[in-house]
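Novice: Quick one, structure for this:
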Amino acid sequence: MTLPNESQSIDGIETLDALFSWRAQASPNAEAYRQFDPIAQQWVSHSWRQMVEQVDQWRAAIAKLDLARGARVAILLPNSVAAICADQAALALGLVTVPMHALDNPASIGYILSDCQTSLLIATTLKQWQAIVASSGALPDLKQVVIVEDMAADEAQDRSAWPALEHVGTWLGQGAAPSLPIEPPVQAEQLASIVYTSGTTGRPKGVVLSHRNVVSNVRAVMSRVHPQPSDVFLSFLPLSHTFERTAGYYLPMAAGSCVAFSRSVALLGEDFKIVRPTILISVPRIYERIHAKIQEGLVQAGGVKRMLFEKTQAVGWSRFCRRQKLPLEAGAGGVVDALVWPLLDQLVASKVRAVFGGRLRCAVTGGAAMPMGVARTFLAMGIPLLQGYGMTETSPVVAANALDNNWPATVGCALPGVDVRIGEASELQVRGACVMQGYWGRPEDTALAMTADGWLRTGDQAVIEQGHIRISGRIKEIIVTSTGEKIAPADVELAIMSDPMFEQAMIVGENRPYIAAFVVLNRTLWPALAKELGVDVSAMVEADATAVRAALLARIKDGCNHLPYYAVPRTVSWSMAPWTVEQGLITPTLKLKRKALQGRLSTEIEATYARKGK
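Specialist: Below is the predicted model of the structure:
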């Protein structure tokens, strides 16, 4: 394959390394990435020409390791220029990148490194690496570990225990001069990444994606979202999330857009105002947080402001429905709306848009279901919110709404080149170039994921209305948090009950920001724990409850330390009364009746999330 030139469009691109090369040739002086430098305390821009120079450095250093084609390179970095350089350098050498969440727990990271026989690990800190070694033991396939941040005082000690440990500055300096394009060049059918997802089992599964899988999805998303070279993306979802990799990394590369890396989720509000993005890739939780703050402000503001907000929302929603040719609600007035909207927009809607920087022209949300009330608020205020649907196994986007065809109660129409159908049990099934190659080292799981005639089973139930897909339920029992993480509740509950203090356990978290646990305590063991904590066994004041909650949560976290960080409960509620067959809360074989239990505990569930905070 010949590297593309400026005259070619993305339609001629077949691999991710070719996509990067083509973009750098097409607009070498344009801003590619923007990143905050904490030392200089300022935002620093990187052009595509500068990115090529940095990627060449990384590529030369990796090439010196003489890894075989297809060897795995694990990238355990936050969203940054360094993460992009590592990814692109590895891809250009025909290696397979394994993106990992920088906040995942060490045992989970160690499992992934072992499972895919990683040859090179690029991590953020020495402390991070030490924790992985402590929890995982020997990793015989690992040939090199590179630490990006300062290795400081313990460097010598760790180098003696692990000779192939280098700081990135030293390691990059050891590379030879950038070489010519490798031969034979990377092909579309070669593997590009293994992205680990929790799926429906306890251990993460490695989703194997080829260059063709990802590039075909980038091309399809481009035709739906239409990013431009003038657009600025704000990147804050982790690059280990396939949604962010495709839509927030490779997509802007294809369009020639700039990507600004947010400093942190905690500073996201400030970054919105500084970067002023035009395109946002997010999960519902971000919108939910902002919506909750707006609602809190309205409660404090009182009647007049709340009434004005509600009027703005009603008029704005009617305007949106007219533009999209959706059914209007009773009482919606066209002429009146047109007359009052400019004032309502100035007083209310423009201020809501300003929260996101004031110039969003496209806000894509996926990874979990968007609450309709939240979507309605932002759409009414002029935030162009587009809900989509996908899976890691589909690279990941299957369907999405469009600016001129936006049905917010659905996840939109299937992308070009992606076929969908409704199978048995109303299951949504998918076929297309974006569908994965399979699960790494798991042929049986791969076979189970596909139908006999080659369609991917999504596990989600759906209906298709005039081409628009509406997700109606889930066939398999699985929790999807509002951040898009998938968790098999049975695995977490078994881990909790490995501690004899807990007789029964149920976790919740569907469309919530984190997992919460509800447990029944062992009547025999509880008095001893209560005595140890110095609390009353039967009646507890709030201070006692806080102490008990902390102690129980510590035990739960200890039992769940082998699970991904997002599957570990962050709060717990407890009782001494067991869930029984007679109450209709468990089956005769002692399995939980989740709907019945959640109904019984509905008040406690709401109180738990309210107490924990937003």
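Novice: neighbouring contacts of the top helix by length along the chain?
Specialist: When the chain is parsed with DSSP state H, its longest helix is helix 303-324. The contact list for helix 303-324 (C-beta atoms under 8 Å, 6 or more residues apart in numbering) reads 294, 298-299, 326-329, 332-334, 337, 340-341, 344-345, 347-349, 376-377, 379-382, 405-407. Glycine gets a C-beta too; all of them are placed from N, C-alpha and C.
Novice: Go again with 6 Å.
Specialist: For helix 303-324, contacts defined as C-beta atoms under 6 Å, 6 or more residues apart in numbering pick out 298, 328, 332, 337, 341, 344, 348-349, 376, 379-381, 406.
Novice: what are the ranges of the helices in the stretch 101-250 of the chain?
Specialist: Secondary structure of the stretch 101-250 of the chain, counting by DSSP state H, counting those that start in this stretch: helices at 106-115, 126-136, 155-161, 168-173, 211-225, 242-245.
Novice: from those helices, which stretch is densest packed?
Specialist: Compared across the helices of the stretch 101-250 of the chain, helix 242-245 shows the largest average neighbour count, a mean of 26 (mean count of other C-beta atoms under 10 Å).
Novice: Averaged pLDDT, that one. What do you get?
Specialist: Averaged across helix 242-245, pLDDT comes to 95.
Novice: which secondary element of this structure has the worst mean pLDDT?
Specialist: Lowest mean confidence among the helices and strands of the chain (mean pLDDT, DSSP states H and E): helix 155-161, at a mean of 53.
Novice: quick revisit: inside helices: which ones of the contacts of helix 303-324?
Specialist: Those of those lying in helices (DSSP H): 298, 337, 341, 344, 376, 379-380.
Novice: quick revisit: in CSV, list the helices of the stretch 101-250 of the chain along with distance to Gln50.
Specialist: Formatted as CSV, the helices of the stretch 101-250 of the chain follow (distance: least, C-beta to C-beta, whole Å):
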stretch, distance to Gln50
helix 106-115, 31
helix 126-136, 27
helix 155-161, 29
helix 168-173, 15
helix 211-225, 23
helix 242-245, 22
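Novice: Those: which one's closest to Asp499?
Specialist: helix 106-115 (16.9 Å; C-beta to C-beta).
Novice: CA-only coordinates of the longest helix of the chain, as PDB, when you get a sec.
Specialist: Listed in PDB are the C-alpha atoms of helix 303-324, where the atom choice follows Å, rounded to 0.1, in the frame of the first residue of the first chain:
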ATOM      1  CA  GLY A 303     -40.500  30.700  41.900                       C
ATOM      2  CA  VAL A 304     -40.000  33.500  39.300                       C
ATOM      3  CA  LYS A 305     -36.700  32.100  37.900                       C
ATOM      4  CA  ARG A 306     -38.000  28.600  38.000                       C
ATOM      5  CA  MET A 307     -41.200  29.600  36.100                       C
ATOM      6  CA  LEU A 308     -39.100  31.400  33.500                       C
ATOM      7  CA  PHE A 309     -36.900  28.400  33.000                       C
ATOM      8  CA  GLU A 310     -39.900  26.100  32.600                       C
ATOM      9  CA  LYS A 311     -41.300  28.500  30.000                       C
ATOM     10  CA  THR A 312     -38.100  28.500  28.100                       C
ATOM     11  CA  GLN A 313     -37.900  24.800  28.200                       C
ATOM     12  CA  ALA A 314     -41.500  24.400  26.900                       C
ATOM     13  CA  VAL A 315     -41.000  26.900  24.100                       C
ATOM     14  CA  GLY A 316     -37.600  25.600  23.200                       C
ATOM     15  CA  TRP A 317     -38.900  22.000  23.100                       C
ATOM     16  CA  SER A 318     -41.700  23.000  20.800                       C
ATOM     17  CA  ARG A 319     -39.200  24.700  18.500                       C
ATOM     18  CA  PHE A 320     -37.100  21.600  18.400                       C
ATOM     19  CA  CYS A 321     -40.000  19.300  17.700                       C
ATOM     20  CA  ARG A 322     -41.100  21.600  14.700                       C
ATOM     21  CA  ARG A 323     -37.600  21.500  13.200                       C
ATOM     22  CA  GLN A 324     -37.400  17.700  13.600                       C
END
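Novice: Domain map for this structure?
Specialist: Domain ranges of the chain: 15-186, 488-612, per automatic domain parsing.
Novice: Got the phi and psi for Val283?
Specialist: With angles defined as degrees, to the nearest 10, Val283 sits at phi -100, psi 160.
Novice: Not including adjacent chain positions, what is the nearest residue to it?
Specialist: Gly367 (4.3 Å; C-beta to C-beta, 6 or more residues apart in numbering).
Novice: Low-confidence stretches in the stretch 451-600 of the chain?
Specialist: 539-543, 587-590 (pLDDT under 70).
Novice: Apart from its neighbours in sequence, what residue is nearest Trp455?
Specialist: Distances taken as C-beta to C-beta, 6+ apart place Gln429 nearest to Trp455, at 4.1 Å, with adjacent residues excluded.
Novice: In terms of helices and strands, where is the one you found?
Specialist: With elements taken from DSSP states H and E, the one containing Gln429 is strand 427-432.
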